[in-house]
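Undergrad: can't give you the sequence, but here's the structure:
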Ligand code: GLN
C-alpha cells in the first residue's frame, strides 16, 4: 500500500514515479479504493466504482515492466496510471451512468464519451462515477437521488454542485483528476467550495459526445484538478475536434499552446476587469468580497492592472440563463418516456397517458419543476415573450462581455457570491438557489472559457476566485492560475489528508 503523502501527489508527479517504476499502479489504485472505502460513507462523492480499475492498473504495471508487447508506447502516455473520477452524466463504457436520477438507475452505456476515451488513451484509469444534482440541475448536489455530497473541509456544508462528487473526491484525495460538466457553473461552483481548480473550457473545445444532455447550447465537459499543471495536462489530452460525433466541436487544440513550464511567474502587461454590478451586489457575502479584493491586490503585485467596468445587461443574465436552460432541458428530457431509454414499467393494459405519467414521476422534484417551466416558455403564445426574449438578452450579454474582453485580457470575479451553505439551508427556496449562479452563468451564455482558482479560506471554508477570457484563451487562464499558485506557495490547502 502507498503512504498517504503519495496518495496526495499531483497527477504530474504520480506519472513521473509510475514511469520510472517507483510506484506500482496496482498498489496506488488499491490504496485509493481502500481510502474511498473508509471515507466515502461520510462524504458520498461516488455513486458507482469501476470494478475493473485494479485490472486496468495491473495492465499498466505490465507495460512499464516490459511484460507486454506495447513497444514502450507507455512512455508517451501523459496520464499513465492516474486515477480519474468521472461525473455520472458522462458516459463510461460498461460502468453504470445514472445522472443521479432514478430514471437512469440501471443504465450502463455501450461506449465511452470522447473525452473519457481520450483520457483513458493517455493512461488514466476511471476509478468511479461521481455524485451530482440530478441531470446537472442544481448547485449543491442536494438534488441527487443518491443523497447530497458532503464538503470534505466542513462536513455539514455542501460540496457545491452540480459536479460536487468530483470536487469532493479530489479534495479528499479519492481521485487525482476529475471530469465534471458545466452548464451554468457546475464545475466552478464545487471547485470553489472544495478548494480545487475547475475549468469550464471554450464552448466546443471539448467534445460533448457522451455527455448526457441537460442544456446543449450552454454546457461543456469541464476539467478539475488539484494543481494547475494537472489541469494543463488534462486539457492537452482532452481537447480536440470530434466533428463526426459532435457538430459543435471545434478544431482548436493545435492553436492552443500550453507550455506551462516556460510560462512567466508574473502577470506583467496584463489588464483585468472586475464587474461593478457583481462586486457591489448585495448578494455577495462579506468574506467573499474581502477575498476578492485580496486576490485583486495579489494580481496587482504580480504586475497586472485591474480596473472596474460596468456591464449593465448582466442584470438579465440569470433570467436569460434559466429560461434557455429550462427550455432546452424540457426538450432533452422528453426522451425519457419509458419506451426508448431508462426506467420503464409494465404497461399492464393502462392508458398511455397513465403509463407515461407513472414513468415520468420518477424524476425528482427539481427536474419536474424545470421540465414544466421549460415547456411553458416554449409553448405557443409564450415562446416570443419568454424564450425569444431570453435569446436576445443572451446575445446582448455576449456582445457586452466580448467588448470588455477587447480591452482587457480577462474578467476577474468571485466564483460564488456566497460561502458553502449548510446542507439543507438553501434547498427549499429555488429562487434563492438560482441567484447564487450569477457569477458563473455569464461565461456559459457567452461561450467563453472560465477558471475557478482556489484562493483563500474563511473560518475553514474555501473561497475561490474566477477569471474569464476570450474564446480559446485557456492558456492565459492557466498562466494566471500558475502565477497565483507560484506566488502563494502552498498556502491554499488542496487535499484533505
Ligand atoms: N446551477 C445551475 C443550474 O442549476 C448550473 C448547473 C450546471 O452547470 N450543470 O442550472
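TA: Ah, there it is. As the structure is a prediction and not an experimental result, all values here were calculated from the model. Numbers count the residues shown, from 1 in each chain.
Undergrad: the ligand contacts on the stretch 301-450 of the chain?
TA: 325, 437 (CB under 6 Å from any ligand atom). The C-beta positions use only the backbone N, C-alpha and C, and glycine is treated the same way.
Undergrad: where does pLDDT dip in the stretch 301-450 of the chain?
TA: Applying pLDDT under 70 to the stretch 301-450 of the chain flags no residue at all.
Undergrad: how about the strands in it?
TA: Ranges of strands within the stretch 301-450 of the chain are 305-309, 410-414, 450-458, based on DSSP state E, counting those that start in this stretch.
Undergrad: make a markdown table out of those and add mean neighbour count.
TA: Output for those, formatted as a markdown table (neighbours: other CB atoms under 10 Å):
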| stretch | mean neighbour count |
| --- | --- |
| strand 305-309 | 14 |
| strand 410-414 | 26 |
| strand 450-458 | 25 |
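Undergrad: so which of those strands gets nearest residue 143?
TA: The closest of the strands of the stretch 301-450 of the chain to residue 143 is strand 450-458. By CB to CB, the value is 20.8 Å.
Undergrad: list the contacts for the residue in the stretch 251-400 of the chain that the ligand sits nearest to?
TA: For the stretch 251-400 of the chain, the residue closest to the ligand is residue 325, as judged by CB to the nearest ligand atom, at 5.1 Å. Contacts for residue 325 (CB atoms under 8 Å, 6 or more residues apart in numbering) come out as 183, 184, 214, 215, 218, 370, 374.
Undergrad: repeat for residue 446
TA: 397, 398, 401, 402, 468.
Undergrad: do the same with residue 206
TA: For residue 206, the contacting residues are 115, 220, 221, 223, 238, 239, 249, by CB under 8 Å, 6+ apart.
Undergrad: swap the cut-off to 7 Å and go again
TA: Residues near residue 206 by CB atoms under 7 Å, 6 or more residues apart in numbering: 115, 220, 221, 238, 239.
Undergrad: and the third one, which of the three is it?
TA: State at residue 221, reduced to three classes by DSSP: H, G, I helix; E, B strand; the rest coil: strand.
Undergrad: that one contacts residue 115, doesn't it?
TA: Yes: under the criterion of CB atoms under 7 Å, residue 221 makes contact with residue 115 at 5.0 Å.
Undergrad: what is in contact with the two at once?
TA: Common contact partners of residue 221 and residue 115 (CB under 7 Å, 6+ apart): 179, 206.
Undergrad: any chance of the contacts of residue 325 in CSV, with neighbour count too?
TA: Below are the contacts of residue 325 laid out as CSV (neighbours: other CB under 10 Å):
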residue, neighbour count
183, 30
184, 30
214, 27
215, 25
218, 20
370, 26
374, 26
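Undergrad: most proximal residue of the stretch 351-497 of the chain with respect to the ligand?
TA: Nearest to the ligand in the stretch 351-497 of the chain, going by CB to the nearest ligand atom, is residue 437, at a distance of 4.8 Å.
Undergrad: check whether that residue really touches residue 140, as I assumed.
TA: No: here residue 437 does not reach residue 140: they are 11.3 Å apart, not a contact under CB under 7 Å.
Undergrad: and of the contacts of residue 206, the nearest to the ligand?
TA: Using CB to the nearest ligand atom, the contacts of residue 206 come closest to the ligand at residue 220, 9.2 Å.
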